[in-house]
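S.K.: Need a 3D model of the sequence below.
(one chain, ligands or ions: 1)
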Amino acid sequence: MKLQINPYLRGLKSQDSTKRNTMEMENKWLSEAFIGEVPDFHGRVGWQCPSNIALVKYWGKRGKQLPQNPSISFTLSECRSETFINFEKADRFGFSFFFEGKENPAFGAKIEKFLLENQAFFPFINQLNLKVESRNTFPHSSGIASSASSMSAFVMCLLEIESMLSGLSASSRALRNSVPEPVEGTIDLCKASYFSRLASGSAARSVFPKMALWGKTEAYEGSSDEYAVSLENDIHPVFKTYHDSILIVSGETKAVSSRAGHALMEGNPYAPARYAQANENIKNLFAALKSGDLDTFINITESEALQLHALMMCSNPSFILMKPNTLRIIEMVRNFRNETQIPICFTLDAGPNVHLLYPETAAENVGYFVESKLIDYCADNQWIIDKVGDGSKKLL
Ligand code: PMV
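M.R.: Model (predicted):
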């Protein structure tokens, strides 16, 4: 079965080396795809993936979900999605999606679209009924985007089903009805990152522990626009336990989606300067991450957060996602840093909530600062204590 040739294998005509590598990689995955008859089996797989917070931001895309500039993020620990897929042999593709116990056709439609667009890589889905169940560990009303964590967790589950099927076809036919367990760690994280990216850009970075880099940069050999790479072994120990406290300024749904925001970069007159600056920031941040230079880290991280929001303000039409309390918190954080010399800084996602980033040694002081000074600026006094985490994890 496994030896049949996948009809979607692509011809290598391009002379461009990046395209060539991508095509080679895609062809490898296409040739490995399980295209035989799915045996009569059923089961359940489960994975968790965290959200991530970008330091150098991805804002602006091109082609098939490719970034206009490289980005670097911390992988979080407590803010994550836990996703399960129940699967069974069927005559045709069947799909349903449940979020926190309730069927959610809107989110399900996004995953279904992703699966159908990529069915050449996962042809076995046409012989499976999939019931997806997902939940987030962070509150609904927190305004934290969950697409990075949920899409990457879904992709990890999908790759595990594929790995089971491949194991099954490689094992003896006598084992047809007993599903072999894939050995933990056998899922190719580069492939997981590639497909997570296709599902939701920044999800590409969520599968890796500690920190990830997504996007081609001269500063890092092996970096790619197509998938993220782990920076776990390239960073100073201080960053491996870094904290991120998320101050929930507003839990409202964003007025402008990330998708629309990325699209508006196309007409933004500052876009070329922004992409050049992001590349420069990646180089300098990368050096600071290696050496543990917190001053440079703070300088670049805060500048990136403000640039992201400045780009929104000078898009056409323009939009503002910060709230008055976002600015109040930023001002207080900067004052606190100047007064105490504690190396705390802020970053922002595409929304009003403020992420406070600081080394583990500052946790007690920052905790006191938040509780005594910043909590009044948070919606319903909500803040989430998080830190750098270990990436994707198998749940079953
Ligand atoms: O992955 P998307 O399409 O939701 O875009 C993410 C954009 C930012 O969160 C603002 C920046 C980033 O790099 O994560």
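
S.K.: At which residues are the helices of the stretch 201-350 of the chain located?
M.R.: Secondary structure of the stretch 201-350 of the chain (DSSP state H, counting those that start in this stretch): helices at 237-240, 258-264, 271-291, 294-313, 324-340.

S.K.: how about those in CSV, adding mean neighbour count, mean pLDDT and distance to Ile248?
M.R.: (Glycine included, C-beta is placed from N, CA and C.) Shown next, in CSV, are these (neighbours: other CB atoms under 10 Å; pLDDT from 0 to 100; distance: least, CB to CB, whole Å):
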stretch, mean neighbour count, mean pLDDT, distance to Ile248
helix 237-240, 15, 98, 24
helix 258-264, 16, 97, 18
helix 271-291, 18, 98, 26
helix 294-313, 18, 98, 16
helix 324-340, 16, 98, 10
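
S.K.: Quick one, which of those gets closest to the ligand.
M.R.: helix 258-264 (3.6 Å; CB to the nearest ligand atom).

S.K.: can you give me how far the closest one is from the chain middle?
M.R.: 17 Å (CA atoms, centre = their mean, to the nearest Å).

S.K.: Report the contact partners of Cys345.
M.R.: Contacts for Cys345 (CB atoms under 8 Å, 6 or more residues apart in numbering) come out as Phe297, Ile298, Thr301, Glu302, Val333, Arg337, Leu356, Leu357, Tyr358.

S.K.: And the furthest pair within those residues?
M.R.: For those, the maximum inter-member distance is 14.5 Å, found between Phe297 and Val333 (CB to CB).

S.K.: show me which of the contacts of Cys345 neighbour the ligand.
M.R.: The subset of the contacts of Cys345 within reach of the ligand, counting by CB under 6 Å from any ligand atom, is empty.

S.K.: Now flag whichever of the residues you listed is closest to Leu395.
M.R.: Nearest to Leu395, judged by CB to CB, of the contacts of Cys345 is Leu357 at 28.0 Å.

S.K.: got the domain boundaries for the protein?
M.R.: When the chain is parsed with automatic domain parsing, its domains come out as 17-210, 237-390.

S.K.: right, so those domains: which one is the most enclosed?
M.R.: domain 17-210 (a mean of 20; mean count of other CB atoms under 10 Å).

S.K.: and the residue nearest to Ala199 when sequence neighbours are not counted, what does it touch?
M.R.: Leaving aside its chain neighbours, Ala199 sits nearest to Met151 (3.9 Å; criterion: CB to CB, 6 or more residues apart in numbering). The contact partners of Met151, by CB under 8 Å, 6+ apart, come to Ile111, Phe114, Ser196, Ala199, Ser200, Ala203.

S.K.: switch to 10 Å and redo it
M.R.: The contact partners of Met151, by CB atoms under 10 Å, 6 or more residues apart in numbering, come to 49, 81, 83, 107, 110-111, 114, 134, 195-204, 206.

S.K.: Then Phe195?
M.R.: Shown in contact with Phe195 (CB under 10 Å, 6+ apart): 29, 114, 118, 121-122, 151-152, 154-156, 158-159, 203-204, 207, 227.

S.K.: Surely Arg334 touches Arg328?
M.R.: No. In this structure Arg334 lies outside contact range of Arg328 using CB atoms under 10 Å: 11.2 Å.

S.K.: The stretch 1-150 of the chain: helices as residue ranges?
M.R.: For the stretch 1-150 of the chain, the helices defined by DSSP H, counting those that start in this stretch occupy 17-32, 105-117, 147-170.
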